[in-house]
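In: I need the structure of the sequence given here:
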Amino acid sequence: MVREALAALLGLEPDIEVAAQVGRGDEVLPTALALAAAGTPVDVALLDIEMPGIDGLAAAELLHRELPGIRIVILTTFGRPGFLRRAMEVGVSAFMVKDAPAAELASAIRRVLAGERVIDPNLAAAALADGINPLTARERAVLEASADGSVNSEIAARLFLSEGTVRNYLSACIQKTGARNRAEAVRIAYEKGWL
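Out: Residues are numbered from 1 along each chain as shown. Below you'll find the model as predicted:
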């Protein structure tokens, strides 16, 4: 419903045409590739962070890698500094929270097409104040794999690591997040947008 409402609002803009809509993150790249193959290249992709299939940040990373000419705008309710940092790392051009007025979204689309980066100013200030994500990519992978309650041996098998290595990564995650245990480390990392 929200996606369709946004598409309708953007469709009212005289210089914006909505080429496609998808409901899942894993449909973003195939749809953009199909449109490009059909002679309808996409200029801007508007994504949310929370999407079924794969999340919007993972979809943005794939899209940026395969079709680097597409500008990516993240519009989300999850205005967390860690998400903003991750979005910038994967090539997102704009990051806005959903409570922004619709006119600001259309303006952001025009601005990213002009080569600008558009970031919610309050979120940018919070990201600067929050500091960088202290977890390495491998620590994030191990911590995320533990989020479903998997034991070390299951995580090790899934990530092709030894149990001792998994234990060491989880210990580092607990220390870096200031948590008491792995469940709390997962919660803190999600709250900060690090996972």
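
In: distance between the lengthiest strand in the chain and the chain's centre?
Out: Scanning the chain for the strand with the most residues, using DSSP state E, yields strand 71-76. Taking CA atoms, centre = their mean, to the nearest Å, one finds strand 71-76 lying 9 Å from the centre of the chain it belongs to.

In: flag every buried residue along the lengthiest helix in the chain.
Out: The helix that spans the most residues within the chain, counting by DSSP state H, is helix 163-177. Neighbour-count burial for helix 163-177, counted by 16 or more other CB atoms under 10 Å, picks out 165, 166, 169, 170, 172, 173, 174, 176, 177. Using the backbone N, CA and C atoms, a C-beta is placed for each residue, glycine as well.

In: in CSV: the residues you listed, plus distance to residue 99 and pLDDT.
Out: Converted to CSV, these look like this (distance: CB to CB, whole Å; pLDDT from 0 to 100):
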residue, distance to residue 99, pLDDT
165, 42, 95
166, 40, 95
169, 36, 96
170, 36, 95
172, 36, 95
173, 32, 94
174, 34, 94
176, 31, 92
177, 28, 90
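
In: got the residues you listed as JSON lines, with distance to residue 86 columns?
Out: Listed next are the buried residues of helix 163-177 as JSON lines, based on distance: CB to CB, whole Å:
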{"residue": "165", "distance to residue 86": "24"}
{"residue": "166", "distance to residue 86": "23"}
{"residue": "169", "distance to residue 86": "19"}
{"residue": "170", "distance to residue 86": "21"}
{"residue": "172", "distance to residue 86": "19"}
{"residue": "173", "distance to residue 86": "16"}
{"residue": "174", "distance to residue 86": "21"}
{"residue": "176", "distance to residue 86": "16"}
{"residue": "177", "distance to residue 86": "16"}
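
In: just the closest of those residues to residue 193, please.
Out: Set against residue 193, the nearest of the buried residues of helix 163-177 by CB to CB is residue 177 (12.6 Å).

In: so that closest one sits against residue 183, correct?
Out: No. Residue 177 lies out of contact with residue 183 (CB atoms under 8 Å); the separation is 11.1 Å.

In: overlap in contacts, the two.
Out: With contacts taken as CB atoms under 8 Å, 6 or more residues apart in numbering, residue 177 and residue 183 have no neighbour in common.

In: quick check: the farthest pair among the buried residues of helix 163-177?
Out: Maximum pairwise distance among the buried residues of helix 163-177 (CB to CB): 18.7 Å, between 165 and 177.
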